[in-house]
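Participant: for reference, the sequence and a predicted model appear below.
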Amino acid sequence: MKVIIYEDNFEQFQPLINLYPQFFLRVGMKTISENTAYFFKRAEISYITRKLFNNKKNGITGPALYISARAIISKRITFLSKDTKFLIDSQPIGFFKQKPPFPKNLKEIKKTLKEIKTTREIDGFLVDKLWDLIKLNSVILTHQFECVKAKHEIPKHIYIIGQKSKVFIAQKAHIHKLVTIDVSRGPVYIDDDVIIRPFSFIAGPSYIGPGSIIDRAKIIESSIGPSCRIGGEVESCIFQGYSNKYHEGFIGHSFIGEWVNLGALTTNSDLKNNYGSVRTRIGTKELDSGMIKLGCFIGDHTKIGIGTLIPTGAVISSFVNFFGGGMMPGFIPGFKWLTAEKQEDYKLEKAITTAKIVMKRRNIKMSKQYEDLIRMNYKWRNLL
């Protein structure tokens, strides 16, 4: 059987997905696509995305399972005998197709979802809006940790609060002395080649991705993707990967994209003074998240200078450079170079040159396809 993971209502997740498909978003210990693939280890996995990603079209000739990028499934879906639409919280998030025609693009998928009448509720979590990534991260991380079967040993010099069975430390991780891990509220998973330096504190549910460096940090209920540099205080956040928050300052209840740099003492608000529900912007609309605690969403390749304050519910797009300190605006479209008083467009060639330099520091060479995506994003910069 073939499994197809497809983008779904992707507009609700911009600007986080300007440069990669929706199902590459990180939540818990994995990306959405990695989570789905985990439950179908012997199946052939393919993808259907927006046209801008030019994904290869794979021929579908037999029974196929289509799973939305809004679905964080928690159990394998068994083989079915007839066309069936899948639901999580009564919302359609995929389907099983027994016979042709098999949809080959997002438009055809929507049509098929309307045509299939048989429905089945499946086990999993629905990520419907930007803020659901933050809202559900801890519970999803905990479930994913429980699926881990690998044996592991805890170095004796690490101080553990709670049950040691809730801690996983990969063999290639290096944990210095004077590190505390608190699993009294949830598990902690530390991946390969992680370095955790003295005087760091990690409280679960938390995940530290491969190659990340944690230096004198306080990390609470957060997911840190690969090759990040984290210091200061981080609470209830997701760092997609390859980003730096290496100095003092607080980031809470926020999603930080790839190749982001947060300067020293950068701090965000994740709670309104009146303890009211936080409103945030998706596209051209400002929506009520229904969450009392919600920080900011920062797109890829954005750089924020020292001493910056980020307001509650802020949405900052890709390739934004803010410097000079002070309070940032609550919404900044892509490719802007600005201070608290003035702003101008970030010149495209300069943005690409800087991105190449930054990526090279992590031994990654920018591909032509990625550069083309940046150029396309520049054309849409006032919308993203």
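Facilitator: Yep, that arrived. Numbers count the residues shown, from 1 in each chain.
Participant: any idea which helix or strand carries Glu344?
Facilitator: strand 343-345 (DSSP states H and E).
Participant: how about residues contacting that strand?
Facilitator: Contacts of strand 343-345 with the rest of the structure, by C-beta atoms under 8 Å, 6 or more residues apart in numbering, involve 335-338, 381. Glycine gets a C-beta too; all of them are placed from N, C-alpha and C.
Participant: point out where the stretch 51-200 of the chain drops to low pLDDT.
Facilitator: Where the stretch 51-200 of the chain drops to pLDDT under 70, the residues are 55-58, 150.
Participant: strands of that one, residue ranges please.
Facilitator: 64-68, 71-73, 84-88, 91-97, 119-121, 124-126, 159-161, 167-169, 174-175, 180-182, 188-190, 195-196 (DSSP state E, counting those that start in this stretch).
Participant: how about Arg185, what does it touch?
Facilitator: 203-205, 221.
Participant: okay, who's weakest in those residues by pLDDT?
Facilitator: Confidence by pLDDT is poorest for Gly204 among these, given 93.
Participant: relative to Tyr378, how far out is it?
Facilitator: In this view, Gly204 and Tyr378 are 40 Å apart by C-beta to C-beta, to the nearest Å.
Participant: the two - which one has more neighbours?
Facilitator: Using other C-beta atoms under 10 Å as the criterion, Gly204 and Tyr378 rank with Gly204 on top: 26 against 20.
Participant: how many neighbours does Ser90 have?
Facilitator: The tally of other residues near Ser90 (other C-beta under 10 Å) stands at 8.
Participant: that one and Ile122, how far apart?
Facilitator: Ser90 is 12 Å from Ile122, by C-beta to C-beta.
Participant: dihedrals phi and psi, Lys379?
Facilitator: With angles defined as degrees, to the nearest 10, Lys379 sits at phi -60, psi -30.
Participant: residue contacts, it?
Facilitator: No residues are in contact with Lys379 under the rule C-beta under 8 Å, 6+ apart.
Participant: and Lys164, by the same measure?
Facilitator: Contacts for Lys164 (C-beta under 8 Å, 6+ apart) come out as Ile154.
Participant: check the gap between it and Pro187 for me.
Facilitator: The gap separating Lys164 from Pro187 is 11 Å, by C-beta to C-beta.
Participant: what does Ala64 give?
Facilitator: 34 Å.
Participant: what's the longest helix in this protein?
Facilitator: helix 130-146 (DSSP state H).
Participant: about what we covered before: out of the contacts of strand 343-345, who's the most crowded?
Facilitator: Most surrounded of those: other C-beta under 10 Å gives Phe335, at 26 neighbours.
Participant: surely that one and Ile352 touch.
Facilitator: No: using C-beta atoms under 8 Å, Phe335 is not in contact with Ile352; the gap is 10.7 Å.
Participant: convert stretch 43-53 to PDB, retaining C-alpha atoms only.
Facilitator: C-alpha atoms of stretch 43-53 as PDB (Å, rounded to 0.1, in the frame of the first residue of the first chain):
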ATOM      1  CA  ALA A  43       4.900   1.500   3.000                       C
ATOM      2  CA  GLU A  44       6.100   3.600   0.100                       C
ATOM      3  CA  ILE A  45       5.700   7.300   1.200                       C
ATOM      4  CA  SER A  46       5.100  10.100  -1.300                       C
ATOM      5  CA  TYR A  47       4.000  13.700  -1.100                       C
ATOM      6  CA  ILE A  48       1.600  16.200  -2.700                       C
ATOM      7  CA  THR A  49       2.400  19.800  -2.200                       C
ATOM      8  CA  ARG A  50       1.800  23.300  -3.500                       C
ATOM      9  CA  LYS A  51       3.000  23.800  -7.100                       C
ATOM     10  CA  LEU A  52       5.900  26.000  -6.000                       C
ATOM     11  CA  PHE A  53       7.800  23.000  -4.500                       C
END
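Participant: for it, the distance to its chain's centre please.
Facilitator: Chain-centre distance of stretch 43-53: 18 Å, with C-alpha atoms, centre = their mean, to the nearest Å.
Participant: quick one: the helices in this structure?
Facilitator: Ranges of helices within the chain are 32-38, 106-115, 130-146, 348-360, 368-379, based on DSSP H.
Participant: report the angle between the second one and strand 84-88.
Facilitator: Okay, so that is helix 106-115. Taking axes from the mean of the first three to the mean of the last three C-alpha atoms, to 10 degrees, one finds that helix 106-115 is oriented at 90 degrees with respect to strand 84-88.
Participant: ok, and what's touching helix 106-115?
Facilitator: 6-8, 48-50, 66, 85, 92, 95, 97, 101, 103.
Participant: just the buried subset of these, please.
Facilitator: The neighbour-count test (16 or more other C-beta atoms under 10 Å) marks 6-8, 48-49, 66, 85, 92, 95, 97, 103 as buried among these.
Participant: pick out the most distant pair among those.
Facilitator: Thr49 and Lys85 (21.2 Å; C-beta to C-beta).
Participant: and which of the buried ones among the contacts of helix 106-115 is nearest to Val127?
Facilitator: Nearest member of those to Val127, counting by C-beta to C-beta, is Asp8, at 9.9 Å.
Participant: relative to Glu153, which of the helices of the chain is closest?
Facilitator: helix 130-146 (16.8 Å).
Participant: which neighbouring elements make contact with that closest one?
Facilitator: strand 26-27, strand 124-126, strand 238-241, strand 255-258, strand 279-282 (3 or more C-beta pairs under 8 Å, 6 or more residues apart in numbering; DSSP states H and E).
Participant: report all helices and strands that the third one contacts.
Facilitator: This means strand 238-241. Packing partners of strand 238-241 (3+ C-beta pairs under 8 Å, 6+ apart): strand 26-27, helix 130-146, strand 223-224, strand 255-258.
Participant: okay, the ones you listed, which one's buried deepest?
Facilitator: Across the helices and strands packed on strand 238-241, the average number of neighbours (mean count of other C-beta atoms under 10 Å) peaks for strand 223-224, which reaches a mean of 30.
Participant: pairing partners for it, with directions?
Facilitator: Counting by DSSP bridges, the strands paired with strand 223-224 are strand 206-208 (parallel), strand 238-241 (parallel).
Participant: sounds good, over and out.
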